[in-house]
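Participant: structure here, sequence nowhere to be found:
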């Protein structure tokens, strides 16, 4: 988001930051839901995982903008979503 707005001014920058924060909060809540469902380790930090996933997603957006194979973003996303720590079953 920040790359798209560049140096557009403080109001645009504030809106971009607010938007990113809202998306990060929503993704963190999805991580918490996955933790409650037993899909992600409950000891993992949901906010850190949200930022990790958003960083990967934004990177996929940037790489995809340069005309790479359409299969590449899909395989990258699948790899990214395999990264969060799984619960340890005893």
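Facilitator: Happy to help now that I have it. Quick caveat: nothing in here was measured; it's all calculated off a predicted structure.

Participant: secondary structure element for residue 77, which one?
Facilitator: helix 71-81 (DSSP states H and E).

Participant: what about residue 44, how many residues nearby?
Facilitator: Using other Cβ atoms under 10 Å, residue 44 has 17 neighbouring residues. C-beta: built from backbone N, CA, C; applies to glycine.

Participant: ok, the closest residue in space to it that isn't next to it in sequence - contacts?
Facilitator: Using Cβ to Cβ, 6 or more residues apart in numbering and skipping residues adjacent in sequence, the residue nearest residue 44 is residue 85, 4.9 Å away. Counting by Cβ atoms under 8 Å, 6 or more residues apart in numbering, residue 85 touches 40, 41, 43, 44.

Participant: helix/strand/coil for residue 85?
Facilitator: Here residue 85 is coil, with the state taken from DSSP: H, G, I helix; E, B strand; the rest coil.

Participant: from residue 69, how far off is it?
Facilitator: Residue 85 sits 29 Å away from residue 69, going by Cβ to Cβ, to the nearest Å.

Participant: ok, now residue 76?
Facilitator: In terms of Cβ to Cβ, residue 76 sits 11 Å off from residue 69.
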